[in-house]
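A.B. asks: My questions concern the predicted model and sequence given below.
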Amino acid sequence: MTTVAKPTDHPKSEPVGNAVKDPENWTTGDEAMTGAQASYLKTLSEEAGQPDAYEENLSKAEASKRIDALQDATGRGES
């Protein structure tokens, strides 16, 4: 019988499985959003016709959640 390693069994050699976390669980999620997040969020909010989705004082976690929602709304989140 073969044992199959899970993505979290070797987080350094298989970082992708360990890279996806809920923004609520980020250790830095309560810090101010990054400049890149702010820029992308502003662009997406304008494209989606939802300018109120952009706020200057969002945390990294909140910005990430809004970006995900706006990507779905604009179709940018599709692979």
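C.D. replies: Cool, got the structure. Residues are numbered from 1 along each chain as shown.

A.B. asks: Contacts for stretch 35-49 next, please.
C.D. replies: In this structure, residues lying in contact with stretch 35-49 by C-beta atoms under 8 Å, 6 or more residues apart in numbering are 33, 51-54, 56, 58, 60, 63-64, 66-67, 70-71, 73-74, 76. Bear in mind the C-beta positions are built from the backbone N, C-alpha and C, glycine included.

A.B. asks: Pull out the buried positions in it.
C.D. replies: Going by neighbour count (16 or more other C-beta atoms under 10 Å), the buried part of stretch 35-49 is 37-38, 40-41, 44-45, 48.

A.B. asks: Tell me how far that stretch lies from the chain's centre.
C.D. replies: Counting by C-alpha atoms, centre = their mean, to the nearest Å, stretch 35-49 is centred 13 Å from the centre of its parent chain.

A.B. asks: Stretch 67-79 too?
C.D. replies: 11 Å.

A.B. asks: Could you export it as CSV, CA atoms only?
C.D. replies: C-alpha atoms of stretch 67-79 as CSV (Å, rounded to 0.1, in the frame of the first residue of the first chain):
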residue,chain,number,x,y,z
ILE,A,67,-10.8,41.9,-4.7
ASP,A,68,-12.1,38.3,-4.9
ALA,A,69,-15.7,39.5,-5.1
LEU,A,70,-15.0,42.2,-7.7
GLN,A,71,-12.9,39.7,-9.8
ASP,A,72,-16.0,37.5,-9.9
ALA,A,73,-18.2,40.5,-10.8
THR,A,74,-15.9,41.6,-13.7
GLY,A,75,-14.9,38.2,-14.9
ARG,A,76,-11.3,38.8,-14.1
GLY,A,77,-11.3,36.0,-11.6
GLU,A,78,-11.9,33.3,-14.3
SER,A,79,-9.0,31.2,-15.3
